[in-house]
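S.K.: this one's structure only:
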């Protein structure tokens, strides 16, 4: 598996997004564990989760606990696996998710995440989404404090705009290592953030890189140019999509969500798919 860099850590160029294994429509625990093990067997060393990946109003931190269980039962060395989790987003009821960016809450949430993951220090902790009721600087200040006291080893943010990226990096004293924003053929409006991350040397982690749970399966049907390139390479349109994103900048590390071993194995193969300049122009047009 080819590698990319988050902070001072080398990770696989394709990560695994854990959300589909814990929200509505999630598979049984056995299949989820098999999916995580398949990712690890394929050389994936970055797993993305969040305390909010659970069913509305119940089993908070379900995905974190699931990942901890899968890592413990894998049977191989897990010292090189980076688990990235997030805090500041909540699902107390069905419907739209809520935000809580209060510094005290974020610190408590990070400690709870560490307990569920079974670690003394979280590898990468990201502020999940800005809270309109809390000053952004205060929220990021809590992440800085968690970094300073060793609760987390690296700090990131998610769903941020360029000004927030610059502000967060300043508050963190230049220690911002990742930005996790939505990006896919369907959602390209985060390209300014991607380019800023490239400029600053900060990892850019596209969430829903295949168009989300509802859109990933139909990617080739909705985006003919991706299917055409896939047919030429005799691979899936999903592989082409991830390879395209990887080729946009060396800081990009897509984290496709998966709940089946077959899908994450297919995604992992995108790391070795090379697209030429004409194909990149066609896909980016």
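M.R.: Looks like it came in fine. Given the structure is predicted, the values throughout are model-derived calculations rather than measurements.

S.K.: mind listing what the nearest residue to residue 91 once chain neighbours are set aside touches?
M.R.: Excluding its sequence neighbours, the residue lying closest to residue 91 (CB to CB, 6 or more residues apart in numbering) is residue 56, at 4.9 Å. C-betas here are computed from N, CA, C, even on glycine. Going by CB atoms under 8 Å, 6 or more residues apart in numbering, residue 56 touches 91-95.

S.K.: Can you mark which positions in stretch 156-163 are buried?
M.R.: By 16 or more other CB atoms under 10 Å, the buried positions in stretch 156-163 come out as 156-160.

S.K.: cool, stretch 64-82 as well?
M.R.: Buried-residue list, stretch 64-82, by 16+ other CB under 10 Å: 64-68, 70-71, 81-82.

S.K.: right, and residue 185 touches residue 224 too?
M.R.: No: assessed by CB atoms under 8 Å, residue 185 is found out of contact with residue 224, at 10.7 Å.

S.K.: more neighbours, those two?
M.R.: Shown here are residue 185 and residue 224; by other CB atoms under 10 Å, residue 185 has more neighbours (21 against 10).

S.K.: one step back: for PyMOL, what selects the buried ones among the contacts of residue 56?
M.R.: Buried residues within the contacts of residue 56, by 16+ other CB under 10 Å, are selected in PyMOL with:
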select buried, resi 91
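
S.K.: how about the strands in the stretch 101-250 of the chain?
M.R.: According to DSSP state E, counting those that start in this stretch, the stretch 101-250 of the chain carries its strands in the segments 124-127, 155-158, 176-182, 203-207.

S.K.: Which of those strands sits closest to residue 25?
M.R.: strand 203-207 (17.6 Å; CB to CB).

S.K.: now the stretch 151-285 of the chain, which segments are flagged as low pLDDT?
M.R.: Scanning the stretch 151-285 of the chain for pLDDT under 70 picks out nothing.

S.K.: returning to that earlier point: just curious, which of the contacts of residue 56 is nearest to residue 102?
M.R.: The closest of these, once distances to residue 102 are taken by CB to CB, is residue 92, at 15.0 Å.

S.K.: Ignoring the adjacent residues along the chain, who's closest to that closest one?
M.R.: residue 57 (5.7 Å).

S.K.: now swap in residue 223 and tell me
M.R.: Nearest residue to residue 223, sequence neighbours excluded (CB to CB, 6+ apart): residue 185, at 4.9 Å.
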